[in-house]
Structures are given as C-alpha cells and as structure tokens.
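A.B. asks: have a look; sequence and predicted model below, questions after that.
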Amino acid sequence: MKALQKFGGFAALYLAAAYLIGMVLFLVVLDYPSITNPAQKVALLIEQQMVIFSTNLLIYVFFGVFLIVLSLALYDRLKSGDLALMQVATVLGIIWAGSLVASGMVANAGIAPVVALHATDPSQAALTWQTIETVASGLGNGNGEILGGLWALLVSLAALRAGGLPRGLAILGLLVGAVGVISLVPGLTELMVGVFGLSQILWFIWLGIVLLRNHKDKPA
C-alpha cells in the first residue's frame, strides 16, 4: 500500500523528532537526570506539571502510536523477503509501542494525585511518585532497550534479505539493534541506552526519507 509507506515515512521522522525534543526537554529544560532526591523530583513535578505531562505524551504515548504505523509500513515493505522474520519483528514492534504508551500513561496518571497528596503529606507524595516512576521506567524500557533493539535488529536483517531498504541503512539498523540488546548488560545500561537513542535518531531520519522518497517503488 503506497499510502501506508508514506505514513510510515512520516512516522519515522516523527520518532526522530520526538527523541530530539524529548532529550532537550528532559536534559536541558528540566535537567531531570541530575535530580535524584525524591522530594526534589516532586517539587519539580509541581512546578513543571504541564511540561512533564506534555513530554510524556510526546515521547511515550504518541511515540508508541507512530511506532505502530512504522512497524506496519515496514512489514508491508519487507514481508516478501522473509515473512516469518517480519511477523516476529512486527509483533515485537507493537509490543514495544504498547509498553511505551503504557509508560507514558502511567506517569501522567500519577501526576495529579501526587501533586494533591503533596499538599497534606509531602513525604508520602515523594514515596508515591518514586513508586510510580519505577513502574513507568520499567514499562518504558529504562532498564535496557531489549524490545526496541530486537525490533531494529530483525527489521534490518529482513531488509538485507529482501533488499527493500538501502544496504547501508540496514547495516546501521543492525548496529542500532545490537546496541539495544547490549544495553541489558548491568553496568552498561545507562551508556548503551544513550547510544541506542542517538543512533536510532539517525536510523529513523534515514528510514523516513527512504520511505517517503521510494514509497511508489516498494518491492512487490
């Protein structure tokens, strides 16, 4: 379907943009990683409710929805090369998307109750937010990008077999996927998750351009 390929291209570009905007918001605007004290996190949450809520929508909820579109577009494009491989890859992509959507919704659902609780019991509010954040982080693959890594790895392997994407793009995808899988190793998680995100931005941009330019020439 030509329209699906085009939508997949736009989706890939959105994912790259969401990564970039999310990094700027969390690392620069909110400086969230530097705040380790639960009470300080709740104070920031109260001060920046809308920014945090909107960021979660952008990089988790909407990201997951657009990821589903991209997963289906890639399945449509590459299934002729290795149907079984793309079926597994697509299921992994949709599971990954679902976990990201759930992560963002859990985090956003916890904002209002924690803010309200803080008015009467600040210490309990901090403990509650710490629990919510742990659950959201687990759903969002904060302990390693195994789902995203396997998805990129299998899609890229299928692309090499099917010839549906440029060879260089497929090789880059294999590297991105490998980094995602390695991010599960204790002690390497923080570094590899960062490398995974940065390298996947490049992969998404290249992938989006390819899908938008060549959607009319998708292999049969």
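C.D. replies: Sure thing, it's come through.
A.B. asks: what sits up against stretch 89-108?
C.D. replies: With contact meaning CB atoms under 8 Å, 6 or more residues apart in numbering, stretch 89-108 is reached by 52-53, 56-57, 59-61, 63-65, 67-68, 70-72, 74-75, 132-133, 135-141, 147-148, 150-151, 154-155, 158. (Each C-beta comes from the backbone N, C-alpha and C, glycine too.)
A.B. asks: one more time with 7 Å
C.D. replies: 53, 56-57, 60-61, 63-65, 67-68, 71-72, 75, 132, 135-136, 139-141, 147-148, 150-151, 154-155, 158 (CB atoms under 7 Å, 6 or more residues apart in numbering).
A.B. asks: list the buried residues of it.
C.D. replies: 89-90, 92-94, 96-97, 99-108 (16 or more other CB atoms under 10 Å).
A.B. asks: mind listing what the nearest residue to Gly8 once chain neighbours are set aside touches?
C.D. replies: Distances taken as CB to CB, 6 or more residues apart in numbering place Ala73 nearest to Gly8, at 2.4 Å, with adjacent residues excluded. Ala73 makes contact with Leu4, Gln5, Phe7, Gly8, Ala11, Leu211, according to CB under 7 Å, 6+ apart.
A.B. asks: any chance of those in CSV, with pLDDT and secondary structure too?
C.D. replies: Shown next, in CSV, are the contacts of Ala73 (pLDDT from 0 to 100; DSSP: H, G, I helix; E, B strand; the rest coil):
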residue, pLDDT, secondary structure
Leu4, 89, helix
Gln5, 91, helix
Phe7, 95, helix
Gly8, 94, helix
Ala11, 97, helix
Leu211, 94, helix
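A.B. asks: most surrounded residue in those residues?
C.D. replies: Using other CB atoms under 10 Å as the neighbour test, those are led by Gly8, with 28 neighbours.
A.B. asks: need the contact list for it.
C.D. replies: For Gly8, the contact set (CB under 7 Å, 6+ apart) comprises Val69, Leu70, Ala73, Leu74, Leu211.
A.B. asks: got it, and Leu154?
C.D. replies: Residues near Leu154 by CB under 7 Å, 6+ apart: Leu85, Val88, Ala89, Leu92.
A.B. asks: now Gly197
C.D. replies: If you count contacts by CB under 7 Å, 6+ apart, then Gly197 has Tyr19 around it.
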